[in-house]
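In: structure, please.
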Amino acid sequence: MSRHGKVMVAMSGGIDSTVAALMLNEQGYEVIGITMKTWDYAVSGGSKKETGCCNIDSFNDARAAAVHHGFPHYILDIREEFGDFVIENFVDEYIAGRTPNPCVMCNTHIKWRALLKRANAMDCEFIATGHYAKTREENGRYLISKAVDETKDQSYVLWGLQQDLLSRTLLPLGGFRKSAIRQMAHDYGYPELAKKSESYEICFVPDNDYRGFLKRNVPGLEEKLDGGFFIDKNGNIIGQHKGYPFYTIGQRKGLDITFGKPVFVTAIDPNNNTVTLGDEDDLLKDEMCVGKMNYIKYPIIEDGTEAVVKIRYRDNGTNATIYNNHRDLNVSFHGQAKGIAPGQSAVFYEGDDVLAGGIILRKEQINNQ
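Out: Predicted coordinates:
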């Protein structure tokens with residue numbers, strides 16, 4: 001009988017999830033390792049070798065660590081679940097002129113649910129991952145907060161986890177810096193893990209060419225959308241583009257158009273197949289609307305609440321006042337935020353704690369959620 005209970009740990013084969021599993025095993029939990037196969041890169045047609053969490057070397061590394069430390073390991077095939085939701089959402093969002101965040105969608109709708117389903121089947125009280133964030137219970141609610149190592153903090157991508165998932169989730173790395181995790185890998189006898197490269201690419205686009213992925217997965221897309229116009233902020237035509245899904249808010253490189261000065265994508269209109277270009281200052285906005293909310297620290301964000309709002313993973317956050325109209329949140333920044341992209345996640349913080357998160361809306365979405 002374990003001292004702390006039974007936990008199912010998602011093991012990708014990388015340093016973070018491996019150390020998380022070994023740490024919990026050492027603490028006296030009864031650990032079951034599970035590696036999820038989300039994507040078969042052979043069918044994507046990309047130009048790069050299979051990398052990241054879904055290749056055979058990663059599976060073998062995870063299994064070897066589990067076997068060496070005496071706990072079971074299984075491979076869970078969730079390609080169908082993953083593809084039906086995450087990839088379809090990824091494609092649909094770009095076609096709608098928005099910028100998706102597939103890692104958030106995967107965590108929220110696929111990985112944690114898949115883990116919990118199998119954990120229940122194997123009588124595990126907990127599920128665990130190697131994410132850098134912290135969880136705790138406070139006033140009857142289960143919270144997410146930033147990791148000690150803010151350079152590695154991943155609380156931003158976990159905003160979609162609902163209370164039933166958080167109540168069962170362990171995140172053992174949240175209280176440690178990455179340097180300490182590397183040292184633990186050495187101490188556990190896996191110095192090679194400390195040297196293993198980390199992938200920051202989307203797992204199903206390992207060549208990091210999302211435009212090529214769209215072209216391969218939406219037949220006729222390039223021909224259908226080619227010939228749209230670049231316009232300026234006054235609506236004047238200033239050039240021709242290759243199709244609005246191939247551009248993102250804030251993009252400067254790869255526009256294939258020159259003006260003698262840097263220009264940036266500032267807006268995308270899928271209905272008219274236009275992409276607006278402007279100066280860097282045109283990316284600055286003082287408000288936005290956020291919907292599809294998941295409230296974490298409190299059951300609701302009260303009207304007039306002040307918070308720090310992050311609009312992308314590497315964003316430092318901007319102070320803002322939040323106005324709740326009971327369908328979505330209107331965010332008024334104290335100053336301006338740069339490069340707000342509809343489809344991306346907005347995450348609201350009170351100190352280190354995640355208050356809530358949601359999806360940045362386009363104007364036409366606000367009344368049609």
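In: mind checking the pLDDT average for the helix or strand harbouring Thr135?
Out: Here Thr135, judged by DSSP states H and E, is contained in strand 133-138. The pLDDT scores in strand 133-138 average 97.
In: got the buried residues for that strand?
Out: Ala133, Lys134, Thr135 (16 or more other Cβ atoms under 10 Å). All C-beta spots, glycine's among them, are computed from the backbone N, C-alpha and C.
In: that strand - contacts with which helices or strands?
Out: strand 141-146 (3 or more Cβ pairs under 8 Å, 6 or more residues apart in numbering; DSSP states H and E).
In: low pLDDT regions in this structure?
Out: Low-confidence segments of the chain, defined by pLDDT under 70: 1-2, 40-55, 197-201, 363-369.
In: 80 - rerun?
Out: Along the chain, segments meeting pLDDT under 80 span 1-3, 39-58, 194-203, 206-207, 222-227, 363-369.
In: which stretches of it form helices?
Out: Under the criterion DSSP state H, the chain contains helices at 15-27, 56-68, 79-82, 88-95, 102-106, 112-121, 163-166, 178-187, 191-195, 210-217, 221-225.
In: how about the first one as CSV, C-alpha atoms only?
Out: Presented in CSV, the C-alpha positions along helix 15-27 are these (Å, rounded to 0.1, in the frame of the first residue of the first chain):
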residue,chain,number,x,y,z
ILE,A,15,13.3,15.5,-18.6
ASP,A,16,10.3,17.2,-16.9
SER,A,17,7.7,14.4,-17.0
THR,A,18,10.4,11.8,-16.2
VAL,A,19,11.6,13.7,-13.1
ALA,A,20,8.0,14.3,-12.1
ALA,A,21,7.2,10.6,-12.2
LEU,A,22,10.4,9.6,-10.3
MET,A,23,9.9,12.3,-7.7
LEU,A,24,6.3,11.1,-7.0
ASN,A,25,7.6,7.5,-6.9
GLU,A,26,10.3,8.5,-4.4
GLN,A,27,7.7,10.3,-2.3
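In: quick check: buried residues in that helix?
Out: Using 16+ other Cβ under 10 Å as the test for burial, helix 15-27 gives Ile15, Asp16, Ser17, Thr18, Val19, Ala20, Ala21, Leu22, Met23, Leu24, Asn25.
In: and if you look at the fourth one?
Out: For helix 88-95, burial by neighbour count (16+ other Cβ under 10 Å) applies to Asn89, Phe90, Val91, Glu93, Tyr94, Ile95.
In: what does the third one give?
Out: For helix 79-82, the neighbour count (16+ other Cβ under 10 Å) marks Arg79, Glu81, Phe82 as buried.
In: which residues touch Val157?
Out: Asn101, Cys103, Val104, Asn107, His131, Tyr313, Ser345 (Cβ atoms under 8 Å, 6 or more residues apart in numbering).
In: tell me which entries of those residues lie within strands.
Out: Among the contacts of Val157, the ones falling in strands (DSSP state E) are Ser345.
In: quick check: of the contacts of Val157, which lies closest to Ala307?
Out: When those are compared for distance to Ala307 (Cβ to Cβ), Ser345 wins out at 14.3 Å.
In: surely Leu173 and Gly130 touch.
Out: Yes: between Leu173 and Gly130 there is a contact at 5.8 Å, judged by Cβ atoms under 8 Å.
In: out of these two, which sits in the more crowded spot?
Out: The residue with more neighbours, out of Leu173 and Gly130, is Leu173; 29 against 22, by other Cβ atoms under 10 Å.
In: for Asp315, see how far away Trp254 is.
Out: No Trp there; residue 254 is Gly. Noted for Gly254: a distance of 22 Å to Asp315, by Cβ to Cβ, to the nearest Å.
In: who has more neighbours out of these two?
Out: Per other Cβ under 10 Å, whichever of Gly254 and Asp315 has more neighbours is Asp315, with 17 against 12.
In: if I look at the more buried one, how far off is Val309?
Out: Per Cβ to Cβ, Asp315 is found 9 Å from Val309.
In: strand partners of the top strand by length along the chain, parallel vs antiparallel please.
Out: Assignment by DSSP E gives strand 284-295 as the longest strand of the chain. For strand 284-295, the pairing partners within the sheet under DSSP bridges are strand 329-338 (antiparallel), strand 353-360 (antiparallel).
In: mind listing what's buried in that strand?
Out: For strand 284-295, burial by neighbour count (16+ other Cβ under 10 Å) applies to Met288, Cys289, Val290, Gly291, Met293, Asn294, Tyr295.
In: okay, the residues you listed in JSON lines with distance to Glu280 next?
Out: Below are the buried residues of strand 284-295 laid out as JSON lines (distance: Cβ to Cβ, whole Å):
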{"residue": "Met288", "distance to Glu280": "18"}
{"residue": "Cys289", "distance to Glu280": "23"}
{"residue": "Val290", "distance to Glu280": "24"}
{"residue": "Gly291", "distance to Glu280": "27"}
{"residue": "Met293", "distance to Glu280": "30"}
{"residue": "Asn294", "distance to Glu280": "32"}
{"residue": "Tyr295", "distance to Glu280": "34"}
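In: measure the nearest residue to Gly97 once chain neighbours are set aside to Asp92 for me?
Out: Nearest residue to Gly97, sequence neighbours excluded (Cβ to Cβ, 6 or more residues apart in numbering): Pro270, at 3.5 Å. Computed with Cβ to Cβ, the distance linking Pro270 and Asp92 is 11 Å.
In: next: Thr35.
Out: From Thr35 to Asp92 the distance is 28 Å (Cβ to Cβ).
In: and Ala133, by the same measure?
Out: From Ala133 over to Asp92 (counting by Cβ to Cβ), the distance is 28 Å.
In: what is the nearest of the buried residues of strand 133-138 to Leu361?
Out: Among the buried residues of strand 133-138, and counting by Cβ to Cβ, the member closest to Leu361 is Ala133, at 25.3 Å.
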